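*Asks:* Provide a 3D model corresponding to the input given below.
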Amino acid sequence: MTANSRCSVAEPPGLETQRREIESLLRESELQAGDSWYVVERRWFEQWKEFVESGDQNSSSFPGLIDNTDLFEDLDSFHLKERLAENEDFVLVPAEAWHKLLVWYGMVDGQPALERKVVDLPSTLKVEVYPVEIFLCLHSNMENVTTAQFSRTDSIREFHPGAIRLCRCTFSVPPGSECRLWMKSSDSSCERLRNVHMSVLDACLSSGMVRTNSSHTHTHTHTHTQ
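*Replies:* Take a look at the predicted model:
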């Protein structure tokens, strides 16, 4: 049984208790690097607020299953639409509040929970709603590309194993082949990723390999196999 299946929904507490518990968590939870917060479609959340404030379990404002459909570009990739704005398109709720809502209401079948990490960027803590999207390809065939998402604050040491595993699996790289990761810039020059202590964002910026499109940061990475 999956956590977001309808069968896992538990009998929720009274409406006033729901309102009090969630509002308390939203008010008292502070951003801490590494913590998880969750993206929830604003319309659903506002419907939930109206429901619990109504004080009527039979109210027509019952929100139903948590549904983030309007936040996705499509329901195959589940990529977020560009330029989504907090408190206009979505709200962010701390992990404890999210898990309560999930148990009480369930979630539309097949949709992923939109878990996002708090990252410590220069001079600010923020929830990384749009992680860095990395484009991966083989040096021998740069037309065949796969994508993966990593945090801006992941070190190359953390990023490297996942990227290599994905490349080996996606491109059927033989187990005995040595794999190295290189960054390819817009002028087609390449630089091998060597500094394992550098963050993903710093590696991209130092090499001039980042372009920003709305809230997304895109880099191009390719693997060289021997």
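
*Asks:* Could you use CA atoms for every contact and neighbour count after this?
*Replies:* Will do.

*Asks:* Now do the helices in the chain.
*Replies:* Ranges of helices within the chain are 15-28, 42-54, 95-105, 156-170, 200-206, based on DSSP state H.

*Asks:* Could you list every helix and strand in contact with the first one?
*Replies:* Helices and strands touching helix 15-28, by 3 or more CA pairs under 8 Å, 6 or more residues apart in numbering; DSSP states H and E, are helix 42-54, strand 90-94, helix 95-105.

*Asks:* Likewise for the second one?
*Replies:* Using 3+ CA pairs under 8 Å, 6+ apart as the contact criterion, the neighbours of helix 42-54 among helices and strands are helix 15-28, strand 90-94.

*Asks:* re earlier: using a markdown table, please lay out the helices of the chain together with distance to Arg83.
*Replies:* Listed next are the helices of the chain as a markdown table, based on distance: least, CA to CA, whole Å:
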| stretch | distance to Arg83 |
| --- | --- |
| helix 15-28 | 24 |
| helix 42-54 | 14 |
| helix 95-105 | 23 |
| helix 156-170 | 26 |
| helix 200-206 | 20 |
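
*Asks:* shaky segments in the chain?
*Replies:* Within the chain, the stretches with pLDDT under 70 are 1-8, 185-188, 204-226.

*Asks:* Walk me through the domains of it.
*Replies:* 15-119, 132-215 (the TED database).

*Asks:* closest to Asp120 out of the helices of the chain?
*Replies:* Nearest to Asp120, of all the helices of the chain, is helix 200-206, at 12.0 Å by CA to CA.

*Asks:* Now distance to Ala113 and mean neighbour count too, for the helices and strands packed on helix 15-28, in CSV please.
*Replies:* CSV is the format used below for the helices and strands packed on helix 15-28 (distance: least, CA to CA, whole Å; neighbours: other CA atoms under 10 Å):
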stretch, distance to Ala113, mean neighbour count
helix 42-54, 14, 18
strand 90-94, 12, 20
helix 95-105, 9, 19
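
*Asks:* Which among the ones you listed is found nearest to Pro161?
*Replies:* Across the helices and strands packed on helix 15-28, closest to Pro161 is helix 95-105 (CA to CA), at 27.0 Å.
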